[in-house]
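Trainee: Starting from these lines, generate the structure:
(2 chains)
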Protein chains: 2
Amino acid sequence: MSRVKKRRSGPGRPEGESFARERILNAAEATFADHGYAGTSLRQIVERANVTQALVTYYFGSKDALFKEVFLRRGREIALKRQQALQALQAKGKPLVLRDVVACYLGPALEMRRTREGRSFIRLQSRMHTEPPRFAEQLRREVYDHTAREFHAAFREAAPHLSARTAYWRLILVIGAYLYAHSDAHRLEKMSGGLCNTRDLDEMLEQITAFVVGGLSAPEPKA
Amino acid sequence: MSRVKKRRSGPGRPEGESFARERILNAAEATFADHGYAGTSLRQIVERANVTQALVTYYFGSKDALFKEVFLRRGREIALKRQQALQALQAKGKPLVLRDVVACYLGPALEMRRTREGRSFIRLQSRMHTEPPRFAEQLRREVYDHTAREFHAAFREAAPHLSARTAYWRLILVIGAYLYAHSDAHRLEKMSGGLCNTRDLDEMLEQITAFVVGGLSAPEPKA
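Mentor: Next up is the predicted model:
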């Protein structure tokens, strides 16, 4: 019997709603991250959250809908923080510097590493590129594409030698580089024999930023 | 009834062995690429290859063992081609240039895009970073780590300003960048409104190379 259910004291929506919703979302996030979308059942989530299946259905309906909520919750947070950081930078009224634009982009995602829940989301998200539920592409576009376009423009403003086409290529290459370092940090630690410390967020941010700024600054390739 | 089984004409190993093995490996590769390791059953592979389950078991034993063979077949080919390209470059006896070292690394993997089977392998491989079977990490290390170390050394020879630590970070960032562009090409096409043509292998190679050389050439980060 769940704590939330016990609290229910009358008709209508149960009390402690946001508490129970959060708990279900956290359990779902961790389970999807561990087992992937296909490998996760509602029952696993119900057990992990220690609630009744009825409550999960009440709040979220289907597994699809729950996955969407899980993704949107942090995805929107990352997108919003990126946007706010870029707007704050632009509000200074100075010419954009590539390194600062990159920091606005990388910072909010890498900050996720600070909490266990955030790390679950990172794993979940990197799975979405390779083991996607049917609706994943639509979801990623909905959450990230608008911001991605703003950064595409900002990259070109800071590096005017880039064609629109090359700036799109580089945006994707930036995403790939940071996502991989982010999600496969274990390989780096092993391969480097411990020389690289991926639990040091400053080291990670500094290393990714240096590489990515170098890549973005590179000359426009000849067609 | 499979073609291979019909061919069997006596005791001992069936005839057409390499033909049947290849057919099973190709079917397994495509199925693992489509459904992931966890989502794939031997039965699906058997159906796709149009052979008997007994034949698959005869050649490969378990699903684990079959997956390993699938991965090793092309993984070793890529690793070997990278090594040979680097050795050929070193045999010229000239100082190493970063762009040439990068070409030795990227070329063999990107060439895989030319065939349907190669593209299946790329999808399968990008899944291995996020939806790995238990033994995947060991397998990747076995196939790629030796070559990765050779490239780590070659990068530092061509870019002597890099510390060993930074060169390891950048190796991982290079891998992440090309793998992502490789496996999530669809997003790039959509986001760029068709400006970027990911079916043009020359464009892809040129764009990834330019970015990655820029990233590798970037100054050593402080810290």
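Trainee: Which neighbouring elements make contact with the host helix or strand of residue A:89?
Mentor: Element membership of residue A:89, judged by DSSP states H and E, is helix A:63-91. On a contact count with 3 or more Cβ pairs under 8 Å, 6 or more residues apart in numbering or on different chains; DSSP states H and E, helix A:63-91 meets helix A:17-35, helix A:42-49, helix A:53-60, helix A:98-111, helix A:116-127, helix A:136-140, helix A:146-158. Any C-beta I mention is one placed from the backbone N, CA and C, and that applies to glycine too.
Trainee: and of those helices, who's closest to chain B?
Mentor: helix A:116-127 (4.4 Å; Cβ to the nearest Cβ).
Trainee: So for that closest one, mean pLDDT?
Mentor: Here helix A:116-127 scores 84 as its mean pLDDT.
Trainee: Show me which residues of that helix are buried.
Mentor: The neighbour-count check on helix A:116-127 (16 or more other Cβ atoms under 10 Å in any protein chain shown) flags A:117-127 as buried.
Trainee: returning to what we had before: and the helix holding residue A:89, how far out from the chain middle?
Mentor: Computed by Cα atoms, centre = their mean, to the nearest Å, the chain-centroid distance of helix A:63-91 equals 8 Å.
Trainee: can you count the residues close to residue A:43?
Mentor: Using other Cβ atoms under 10 Å in any protein chain shown, residue A:43 is surrounded by 10 other residues.
Trainee: cool, residue A:165 as well?
Mentor: Per other Cβ under 10 Å, the neighbour tally for residue A:165 reads 18.
Trainee: Identify the residues contacting it.
Mentor: Neighbour list for residue A:165: B:192, B:195-196 [criterion: Cβ atoms under 8 Å, 6 or more residues apart in numbering or on different chains].
Trainee: Now with 6 Å, please.
Mentor: B:195-196 (Cβ atoms under 6 Å, 6 or more residues apart in numbering or on different chains).
Trainee: now do residue A:42
Mentor: With contacts defined as Cβ under 6 Å, 6+ apart, the neighbours of residue A:42 are residue A:63.
Trainee: Could you export stretch A:159-171 as PDB, CA atoms only?
Mentor: Extracted C-alpha coordinates of stretch A:159-171, given in PDB (Å, rounded to 0.1, in the frame of the first residue of the first chain):
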ATOM      1  CA  ALA A 159      32.100  32.400 -36.700                       C
ATOM      2  CA  PRO A 160      31.000  34.300 -39.800                       C
ATOM      3  CA  HIS A 161      33.200  32.300 -42.100                       C
ATOM      4  CA  LEU A 162      30.800  29.300 -41.800                       C
ATOM      5  CA  SER A 163      28.200  28.600 -44.400                       C
ATOM      6  CA  ALA A 164      24.700  27.700 -43.200                       C
ATOM      7  CA  ARG A 165      25.400  24.100 -44.300                       C
ATOM      8  CA  THR A 166      28.700  23.700 -42.500                       C
ATOM      9  CA  ALA A 167      27.200  25.300 -39.300                       C
ATOM     10  CA  TYR A 168      24.500  22.600 -39.300                       C
ATOM     11  CA  TRP A 169      27.100  19.800 -39.800                       C
ATOM     12  CA  ARG A 170      29.100  21.300 -36.900                       C
ATOM     13  CA  LEU A 171      26.100  21.600 -34.600                       C
END
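Trainee: Tell me the buried residues in it?
Mentor: For stretch A:159-171, the neighbour count (16+ other Cβ under 10 Å) marks A:159, A:162, A:165-171 as buried.
Trainee: same thing with stretch A:216-223?
Mentor: A:216-218, A:221.
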